[in-house]
Structures are given as structure tokens and as C-alpha cells.
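Colleague: Prediction below, plus the sequence it came from.
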Amino acid sequence: MLFLQGSEVIFKVALSLLGSHKPLILQHDNLESIVDFIKSTLPNLGLVQMEKTINQVFEMDISKQLQAYEVEYHVLQDELLDGPSTLSQSQRAAQLEKTNGSLRQQNLDLLEEVQVAHARIRFLESHVEGLVKSEAELRVELTSLQEEHSELQHTVTQLQALLASHGIQYTPAPS
């Protein structure tokens with residue numbers, strides 16, 4: 001993953017692990033106990049949790065979020081450096097417009113992600129429906145085969161009785 005996505009993947013893995021263990025981490029009182037928890041718990045993740053983390057990392061796109069934070073950071077830095085008294089109203093309006101534009105873009109990106117997620121949910125739901133139908137068909141077929149098996153067993157028993165009545169000894173071959 002490091003070769004595929006670069007060093008950003010380390011940050012993504014950290015975010016994913018912290019996010020998935022957030023309730024447990026928040027139970028700790030201080031940083032030392034949190035660090036101990038991270039040292040002792042995270043290295044012992046099971047295969048399912050590891051796979052879940054990897055999938056989250058592949059789906060995670062933090063670059064847009066980081067760009068929005070970068071713009072916001074620069075605006076705040078400019079405000080701190082310039083001070084509110086030295087900014088003209090037009091400069092302040094320009095900065096707010098820039099921040100607003102960044103936030104609008106972030107909202108559009110998030111809306112797009114939500115739409116993709118909804119499409120994926122619809123696809124998965126239809127897939128589940130197909131699997132449920134297949135399961136029902138297989139259950140019907142299984143019941144039919146069980147009935148056929150029972151009928152065949154009954155026929156075999158009748159044939160063995162018929163052979164015995166004619167004095168023919170039948171011994172089934174070992175399977």
C-alpha cells in the first residue's frame with residue numbers, strides 16, 4: 001500500500017485505526033494510558049479487523065479534506081498576521097469568499113461521495129435480493145431432492161423385499 005499510495009497511506013491507516021477504536025480510546029483518562037492501549041491493542045488486531053482497516057484505507061480520500069483545511073489555515077494565518085484592524089472590509093470579504101468557495105467545493109465533494117455510497121448501497125441491496133431469491137430456489141430444490149431421495153430409498157427397500165421373497169439374497173456393495 002505504501003508503494004501504491006505513497007506516504008499518505010501511513011496517515012490514512014492511523015486515521016482508520018483511531019477512528020475504529022475511538023470509543024475505547026475515549027475511555028482512557030490520560031495520554032499515557034492511550035499510548036499504552038495503542039501499543040498493546042493495535043498490534044494484536046485480528047484478520048477481520050485488519051481487512052476492514054485496509055478496505056477503509058483504500059476507500060478513504062483525505063486529499064480534498066486536507067486542501068480545505070489548508071485554505072482555512074492560510075486564511076486564519078493571514079487574519080492573525082494582519083490583525084483584524086488592518087484588514088479592510090473588501091480584503092476580509094475576499095478572504096471569506098475564498099473560504100466559502102473552499103467549503104462549497106468540500107460540500108460538493110461530500111455530496112458526490114454520498115451519491116456514490118447510495119449507488120453502492122442500491123447495488124448491494126439488489127445483489128442481496130438476488131442472493132435471497134437464489135437461496136429460496138435452492139431450498140425448494142433441496143426439498144425436492146430430499147423427497148426424491150426418500151422415494152428412492154423406499155423403492156430400494158421394496159426391491160430388496162421382492163428379491164427376498166423370490167429367495168434371492170442381495171448384499172449391497174460397500175461404497
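Modeller: On my side now, so go ahead.

Colleague: What helices and strands are in contact with the helix or strand bottoming out on mean pLDDT in the chain?
Modeller: Across the helices and strands of the chain, mean pLDDT, DSSP states H and E gives its lowest value to helix 63-86, namely a mean of 72. Applying 3 or more C-beta pairs under 8 Å, 6 or more residues apart in numbering; DSSP states H and E, we find helix 63-86 packed against helix 89-165. Every C-beta, even on glycine, is put in place using the N, C-alpha and C of the backbone.

Colleague: Swap in 10 Å and give it another go.
Modeller: Contacts defined by 3 or more C-beta pairs under 10 Å, 6 or more residues apart in numbering; DSSP states H and E place helix 63-86 against helix 8-20, helix 89-165.

Colleague: from those, which stretch is densest packed?
Modeller: Highest mean neighbour count of those: helix 8-20, a mean of 15 (counted as mean count of other C-beta atoms under 10 Å).

Colleague: Verify the contact between residue 68 and residue 102 for me.
Modeller: Yes. If you go by C-beta atoms under 10 Å, residue 68 and residue 102 touch, sitting 5.2 Å apart.

Colleague: burial of residue 65, as a residue count?
Modeller: A count of neighbours around residue 65, defined by other C-beta atoms under 10 Å, yields 13.

Colleague: Now for the nearest residue to it once chain neighbours are set aside: which residues touch it?
Modeller: Once flanking residues are discounted, residue 65 sits nearest to residue 106: 7.1 Å by C-beta to C-beta, 6 or more residues apart in numbering. Neighbour list for residue 106: 64, 65, 67, 68, 69, 71, 72 [criterion: C-beta atoms under 10 Å, 6 or more residues apart in numbering].

Colleague: Which single one of those residues is nearest to residue 13?
Modeller: Of all those, residue 13 sits closest to residue 65, with 16.1 Å by C-beta to C-beta.

Colleague: quick check: domain ranges of the protein?
Modeller: If you go by automatic domain parsing, the domain ranges for the chain are 1-60, 62-161.

Colleague: In CSV, list these along with distance to residue 168.
Modeller: Output for these, formatted as CSV (distance: least, C-beta to C-beta, whole Å):
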stretch, distance to residue 168
domain 1-60, 59
domain 62-161, 10
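
Colleague: and of the ones you listed, who's closest to residue 174?
Modeller: domain 62-161 (15.7 Å).

Colleague: quick check, distance from the closest one to the centre of its chain.
Modeller: 9 Å (C-alpha atoms, centre = their mean, to the nearest Å).
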